[in-house]
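Enquirer: The following block contains a protein sequence and its predicted model.
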Amino acid sequence: MSESIRTFIAIELDDTHHRALSDLQRRFKRECAERAVRWVTPENVHLTLKFLGEVDAGRMPALQHAVSDACAGIVPFTLAIAGAGAFPNTRHPNVIWVGVAGEIERAAVLAERIDERCVQLGFARDEHPFLPHLTLGRVKRDTSPADRRTIGEMIANAQVGTLGELRTQRISVMKSELRSGSRLYTRLAEIPLTND
């Protein structure tokens, strides 16, 4: 039987961005109930374009070809990492995120094209519109309403300026594994954006 790979397609960040996000996490940890949030390891933070879930390893070549096809004709673009917020909102925060601005319409077109090519391969279509963000942490389910309120207020009042620019020149097909209780992400393929 073929191996199953938990797969997603993303724009990776560089070390400068990881350091900036790590600094912001440290600031948030000082200001809120740290035990109430599962923080994402800064090196694991990325901009997801499409999450596919479990994919049969035998389908990887076709998937990589589809992503490459979706990237054709998309020129490199620049995003800005700035601001902070929460899903679904700061009154009831479940996910703490950092915003993405700049040429987001290009990222949205790219995400839509990737989604379309993946649907043609038999993967499920994304049900939600593309909302570019970088997940910093997830509020634990058993968090008390008071702690949740504190976290929401902290995010709502946070003055998070621009943390850096992200020059997007390639898209990555990523593998996600759970090892010793933590997530390990491995790049399976890298597709460059070109001016062709």
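Expert: Looks like it came in fine.
Enquirer: now the one helix or strand Asp69 maps to: how far from the chain's centre is it?
Expert: Per DSSP states H and E: Asp69 is located in helix 60-71. Centroid displacement of helix 60-71 relative to its chain, using Cα atoms, centre = their mean, to the nearest Å, is 19 Å.
Enquirer: Start the count at 760 instead of 1 going forward.
Expert: Got it, first residue is 760 now, which makes that one helix 819-830.
Enquirer: Now do the buried residues in the helix or strand just after it.
Expert: Under the assignment DSSP H and E, the closest C-terminal helix or strand after helix 819-830 is strand 836-846. Neighbour counts over strand 836-846 (16 or more other Cβ atoms under 10 Å) mark 836, 838-846 as buried. All C-beta atoms are positioned from the backbone trio N, CA, C, and that covers glycine.
Enquirer: Determine the number of other residues adjacent to Ser941.
Expert: 9 (other Cβ atoms under 10 Å).
Enquirer: re earlier: need the mean per-residue confidence for the helix holding Asp828.
Expert: In this model, helix 819-830 has an average pLDDT of 96.
Enquirer: Can you name every helix or strand that that helix contacts?
Expert: strand 763-771, helix 863-879, strand 929-938, strand 941-951 (3 or more Cβ pairs under 8 Å, 6 or more residues apart in numbering; DSSP states H and E).
Enquirer: Quickly compare those and say which is most buried.
Expert: Among those, strand 763-771 has the highest mean neighbour count (mean count of other Cβ atoms under 10 Å), at a mean of 20.
Enquirer: Contacts only, for the residue nearest to Ala867 when sequence neighbours are not counted.
Expert: Excluding the flanking residues, the one nearest Ala867 by Cβ to Cβ, 6 or more residues apart in numbering is Phe889, at 4.9 Å. The contact partners of Phe889, taken as Cβ atoms under 8 Å, 6 or more residues apart in numbering, are 808, 866-867, 870-871.
Enquirer: Same question for Gly812.
Expert: By Cβ under 8 Å, 6+ apart, the neighbours of Gly812 are 765-766.
Enquirer: Relative to Glu886, how far out is it?
Expert: 13 Å (Cβ to Cβ, to the nearest Å).
Enquirer: Which residues does Ser931 form beta bridges with?
Expert: Ala769, Glu949 (DSSP bridges).
Enquirer: would the residue nearest to Ala867 count as being in a helix?
Expert: No: secondary structure of Phe889 (DSSP: H, G, I helix; E, B strand; the rest coil): coil, not part of a helix.
Enquirer: Next, work out how far apart it and Val859 are.
Expert: 10 Å.
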